[in-house]
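A.B. asks: Structure of the sequence below:
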Amino acid sequence: MKKPLASAVVLAGLMGVLALAGAGLAPQGTKTSLVDAAQGFLNTLSEQQRQVALLPYDTPQRLNWHYIPKSYRKGLQLRHMNAQQRQAAHRLLAACLSQVGYNKAVTIMALEEVLAKLEGPRSRFRRDPLRYYFTLFGTPGKQKRWGLSIEGHHLSLNFVLQGERIVAHTPAFFGANPGLIKGDYGVGPPRGTRVLKDEELLAFRLLHMLSEEQRGRAVIAAKAPRDIRSPGTAQPPLDPPQGLPAAEMTDAQREVLQQLIATYARNMPEPVAQARLAEIEKAGLDRVYFAWAGADRPGVGHYYRIQGPTFLIELCNTQPDSAGNPANHIHSVWRDLRGDFGIPVKKNSP
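C.D. replies: Numbering: from 1, shown residues only. Here you go, the predicted model:
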């Protein structure tokens, strides 16, 4: 029996946020090819909408990404689509992610309704679960190279495709405010929703498994940084890895590390997730480092980094949520150390 694209909890929270607003969630159990989903989306648009949603592949806008609230973003937002077009947009979102990744994305969108309720009319930002933008770069086709961006507050997904095949899939950013919904707000996802639960709890589990000596290697700072590094840049930070290498972990610790990495990888479709994990294995798990900064318990600012030869993961949870609960506002990202956006990174000559 096929699982639905969104869990019952997520769907319950989204009914009044997206479906009744005409967003049109992707049909449950449906998986469409990326080219077909992209072409289907474009076919629903007016000529004026296509000019906004379809840009040249080589436009500098393809490299323009961020997860903060912004007054302007490239692409066509859900708010400016009709119900049919929103349905097609969600088909495209579902096609470029796994079921797990899709569930996270639509829940992150729905959290905007919670923020709107908590912050009220005096909010500095416009909180809107339909303020998410879809952009295609180059006309999608079975033999063509093209790109895709789906972005808004706390969500930035960036892809390069060669026909149906995803050849680049970073930066991939997922955030959550609140990280854990602690109240009953009558809108959005219900109390207890924790969209990035495994990303946090597996990391705490690994940290607490370390011996005193290992923790001395893994902890790189007593205080967590304010945020992840290099947000919005076209290429990832290339600093040498810090922390504890997997080569110095026990088998049980390495298993949890692999589970944590897989949590991020499996936001993507299965072939992409498997390719991500295979690349890490080929480059050598022993060369993957785990670094921590800040508190060793929830509710106090904390940060971690996982870095190997091919990839970088960062998670930072230091800000309070909009209800004032400390360290309940998560930023997390996966980046490709060989180059984001399918562009080989330029390294300084020795």
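A.B. asks: Could you use CA atoms for every contact and neighbour count after this?
C.D. replies: OK.
A.B. asks: Tell me where the stretch 101-250 of the chain has helices.
C.D. replies: Here the stretch 101-250 of the chain has its helices, by DSSP state H, counting those that start in this stretch, at 197-209, 212-218.
A.B. asks: Pull the distance from the last one to the chain's centre.
C.D. replies: What it means is helix 212-218. Here helix 212-218 shows a centroid-to-chain-centroid distance of 29 Å under the convention CA atoms, centre = their mean, to the nearest Å.
A.B. asks: Point out where the stretch 101-250 of the chain drops to low pLDDT.
C.D. replies: Across the stretch 101-250 of the chain, nothing is flagged by pLDDT under 70.
A.B. asks: give me that answer again for 90
C.D. replies: 120-126, 142-143 (pLDDT under 90).
A.B. asks: Where do the strands of it begin and end?
C.D. replies: Here the stretch 101-250 of the chain has its strands, by DSSP state E, counting those that start in this stretch, at 133-137, 145-152, 155-162, 165-168, 172-176, 219-221, 244-245.
A.B. asks: looking at those strands, which is closest to A83?
C.D. replies: For those, proximity to A83 was assessed by CA to CA; strand 133-137 is nearest, at 14.9 Å.
A.B. asks: Show me what the closest one packs onto, helices and strands only.
C.D. replies: Packed against strand 133-137 by the contact rule (3 or more CA pairs under 8 Å, 6 or more residues apart in numbering; DSSP states H and E) you find helix 47-53, strand 54-55, strand 76-77, strand 145-152.
A.B. asks: Pick the most deeply packed of these.
C.D. replies: strand 145-152 (a mean of 24; mean count of other CA atoms under 10 Å).
A.B. asks: Just the CA atoms of it, as CSV, please.
C.D. replies: Extracted in CSV, the C-alpha atoms of strand 145-152 (Å, rounded to 0.1, in the frame of the first residue of the first chain):
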residue,chain,number,x,y,z
ARG,A,145,20.0,20.9,-19.3
TRP,A,146,17.7,23.0,-17.2
GLY,A,147,17.3,24.2,-13.7
LEU,A,148,14.7,24.5,-11.0
SER,A,149,14.3,26.7,-7.8
ILE,A,150,11.6,26.5,-5.2
GLU,A,151,12.1,29.0,-2.5
GLY,A,152,10.5,31.1,0.3
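A.B. asks: Could you list the residues in contact with that strand?
C.D. replies: With contact meaning CA atoms under 8 Å, 6 or more residues apart in numbering, strand 145-152 is reached by 57, 62, 65-69, 73, 93, 131-140, 156-163.
A.B. asks: could you give the angle of it to strand 155-162?
C.D. replies: For strand 145-152 against strand 155-162, the angle by axes from the mean of the first three to the mean of the last three CA atoms, to 10 degrees is 170 degrees.
A.B. asks: about what we covered before: export the helices and strands packed on strand 133-137 to JSON lines and append columns for distance to I343.
C.D. replies: Formatted as JSON lines, the helices and strands packed on strand 133-137 follow (distance: least, CA to CA, whole Å):
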{"stretch": "helix 47-53", "distance to I343": "22"}
{"stretch": "strand 54-55", "distance to I343": "18"}
{"stretch": "strand 76-77", "distance to I343": "25"}
{"stretch": "strand 145-152", "distance to I343": "12"}
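A.B. asks: what about the ones you listed, which gets the closest to L180?
C.D. replies: For the helices and strands packed on strand 133-137, the distance to L180 is smallest for strand 145-152, at 19.7 Å, taking CA to CA.
A.B. asks: Run me through the strand neighbours of that closest one, direction for each.
C.D. replies: Strands that pair with strand 145-152, judged by DSSP bridges, come out as strand 133-137 (antiparallel), strand 155-162 (antiparallel).
A.B. asks: centre of the chain versus that strand, how much separation?
C.D. replies: With CA atoms, centre = their mean, you get 13 Å for strand 145-152.
A.B. asks: Go ahead and produce PDB holding the CA coordinates of stretch 235-246.
C.D. replies: Extracted C-alpha coordinates of stretch 235-246, given in PDB (Å, rounded to 0.1, in the frame of the first residue of the first chain):
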ATOM      1  CA  GLN A 235      29.500  28.500  -3.400                       C
ATOM      2  CA  PRO A 236      29.900  26.700   0.000                       C
ATOM      3  CA  PRO A 237      32.500  27.600   2.600                       C
ATOM      4  CA  LEU A 238      35.700  25.600   2.000                       C
ATOM      5  CA  ASP A 239      37.400  25.700   5.400                       C
ATOM      6  CA  PRO A 240      39.100  22.500   6.400                       C
ATOM      7  CA  PRO A 241      37.000  20.100   8.400                       C
ATOM      8  CA  GLN A 242      37.000  20.400  12.200                       C
ATOM      9  CA  GLY A 243      35.900  18.100  15.000                       C
ATOM     10  CA  LEU A 244      36.000  14.400  15.500                       C
ATOM     11  CA  PRO A 245      36.600  12.100  12.400                       C
ATOM     12  CA  ALA A 246      34.500   9.100  11.900                       C
END
